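Participant: structure for this input, please:
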Amino acid sequence: MKARRVEGLDPTAPLRPNAARIVRTRLDELRLLAAPAHDPGAGEAQHDLRIAAKRLRYVLEVTGPCFGEDAEPAHRAAKQLQSVLGDLHDCDVMMPRAEGIESLRGLLRTRRELLFGRFRDLWAEAETEAWSRLERALRRTPVT
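Facilitator: Now for the predicted structure:
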C-alpha cells in the first residue's frame, strides 16, 4: 500500500507545522482505511490498515514531542493496532500452510477471531480518546 502524499510541506518552515501536516495526513489515511478493515474477512484491508498504523506510529515517535502529551495516547494506540493487526495477518499467512492439519487450522481460526475482536475494541477506544486528543493537539498547531 502506497502512502498518501503529504501536501504543503515547506523545508524552510519550523518542524511543528510540517510535522502537523504529516501527522494529519497519516491520521486521515488511517481513518479512511478503517471502515473496510472492520469486515472480519477483509484480510487485505486489515493488512493495509496495519501499514497505515505503522506510518502514524513512526511519525509520532519522531514528532510527538511537538504536540505534547496529547500525542502519546495516539502513539500508543497506533502501536497496539499495528501489533494486533500484524498478529491477525500472521494467522492469514499461516492458514494455507496448515492445509490438511485441521487441529491447527481450528486454532488459527479461533486465534484470528479473538484478535479481530481485540482489533475492534482497540479501534473503538482509539476513536473515542486517542485520535480526538491528537486532533486537538493538531488544531493548536498553526499550519501556514
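
Participant: contacts and neighbour counts: CA atoms only from here.
Facilitator: Noted.

Participant: remind me which helix or strand the residue positioned nearest the centre of the chain belongs to.
Facilitator: In the chain, the centroid-proximal residue (CA atoms, centre = their mean) is Ala53; its distance is 2.1 Å. In this assignment (DSSP states H and E), Ala53 forms part of helix 43-63.

Participant: what about the helices in this structure?
Facilitator: 15-37, 43-63, 72-97, 102-125, 131-139 (DSSP state H).

Participant: so which elements touch the shortest one?
Facilitator: In this case it means helix 131-139. Helix 131-139 sits against helix 15-37, helix 72-97, with contacts defined as 3 or more CA pairs under 8 Å, 6 or more residues apart in numbering; DSSP states H and E.

Participant: and for the fourth one?
Facilitator: Other elements packing on helix 102-125 under the criterion 3+ CA pairs under 8 Å, 6+ apart are helix 72-97.

Participant: which parts of the helix it packs on are buried?
Facilitator: Going by neighbour count (16 or more other CA atoms under 10 Å), the buried part of helix 72-97 is 72-89, 91-92, 95.

Participant: chain center to that helix: distance?
Facilitator: Its chain's C-alpha centre and that of helix 72-97 lie 9 Å apart, by CA atoms, centre = their mean, to the nearest Å.

Participant: low pLDDT regions in this structure?
Facilitator: Where the chain drops to pLDDT under 70, the residues are 142-144.

Participant: follow-up on the earlier one: can I get the helices of the chain in TSV with distance to Val6?
Facilitator: Listed next are the helices of the chain as TSV, based on distance: least, CA to CA, whole Å:
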stretch	distance to Val6
helix 15-37	6
helix 43-63	12
helix 72-97	19
helix 102-125	24
helix 131-139	15
